[in-house]
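Visitor: Give me a 3D structure for the following:
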Amino acid sequence: MTGSVRILGIDPGSQVTGFGLIDVDGTRYSYLTSGCIRTPSGDFAGRLKEIYHRVGELTVKHQPQEVAIESVFMSKNAATALKLGQARAAAMCATFALDLPIFEYAPRQIKQSVVGTGKAEKVQVEHMVRVLLKLKGPLQSDAADALAVALCHASIRDSAIHRAAAQVHA
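Guide: Residues are numbered from 1 along each chain as shown. Reported below is the predicted structural model:
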């Protein structure tokens with residue numbers, strides 16, 4: 001790998017958006033910070049505005065080089081899926097000012113990458129995030145999910161770099 005990269009992982013939601021920042025150097029992962037953006041009750045536009053502003057603040061403060069975000073999953077409730085899509089868009093747009101590359105991952109792909117099975121439960125994902133990042137103490141569920149998105153991207157990114165290097169040297 002060509003040095004360290006900082007990844008912002010985002011687990012979007014219209015009420016709670018999780019975020020997690022990690023530094024990656026090869027297969028070494030370092031935890032920076034994580035948390036949840038809790039939007040105020042009230043009008044939906046106000047919630048999207050809060051997500052946009054808070055993610056924008058995170059990118060300015062922590063200067064990630066890449067963004068990984070969970071893609072929209074199919075919901076039985078169309079209104080819920082639409083709100084999730086809008087929350088994702090607000091978070092993504094907040095990163096545009098820094099012109100960051102954005103990578104999207106399906107929930108099953110994230111679970112497969114972090115836990116080893118696409119059918120993992122939330123508690124299993126949180127456990128593996130703790131193990132991989134050597135974390136102690138409490139970790140909010142949505143923050144753990146965002147860190148899992150970042151770890152998924154780091155793993156896939158590392159694999160792609162190694163495959164490309166092997167092709168160059170072949």
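
Visitor: Do I have it right that residue 156 meets residue 113?
Guide: Yes - using CB atoms under 8 Å, residue 156 makes contact with residue 113 at a distance of 6.6 Å. In short, each C-beta sits where N, CA and C put it, glycine included.

Visitor: Now list whatever residues contact both of the two.
Guide: residue 105 (CB atoms under 8 Å, 6 or more residues apart in numbering).

Visitor: Have a look at the two and say which one is more surrounded.
Guide: Ranked by neighbour count (other CB atoms under 10 Å), residue 156 and residue 113 place residue 113 first, with 20 against 16.

Visitor: show me what contacts the more buried one?
Guide: Per CB under 8 Å, 6+ apart, neighbours of residue 113: 105, 151-152, 155-156.

Visitor: If we use 6 Å, what do you get?
Guide: Applying CB atoms under 6 Å, 6 or more residues apart in numbering to residue 113 gives the contacts 152, 155.

Visitor: gap between it and residue 67?
Guide: 16 Å (CB to CB, to the nearest Å).

Visitor: Over to residue 125?
Guide: For residue 125, the distance to residue 67 equals 19 Å [CB to CB].

Visitor: So which of these two has more stuff around it?
Guide: Here residue 125 and residue 67 are set side by side on neighbour count (other CB under 10 Å), and the busier one is residue 67, at 24 against 21.

Visitor: what sits against that one?
Guide: 8, 95, 100, 102.

Visitor: Am I right that it is in a helix?
Guide: No - the assignment for residue 67, made by DSSP: H, G, I helix; E, B strand; the rest coil, is strand rather than a helix.

Visitor: Any idea what it is bridged to?
Guide: Judged by DSSP bridges, the bridge partners of residue 67 are residue 8, residue 102.
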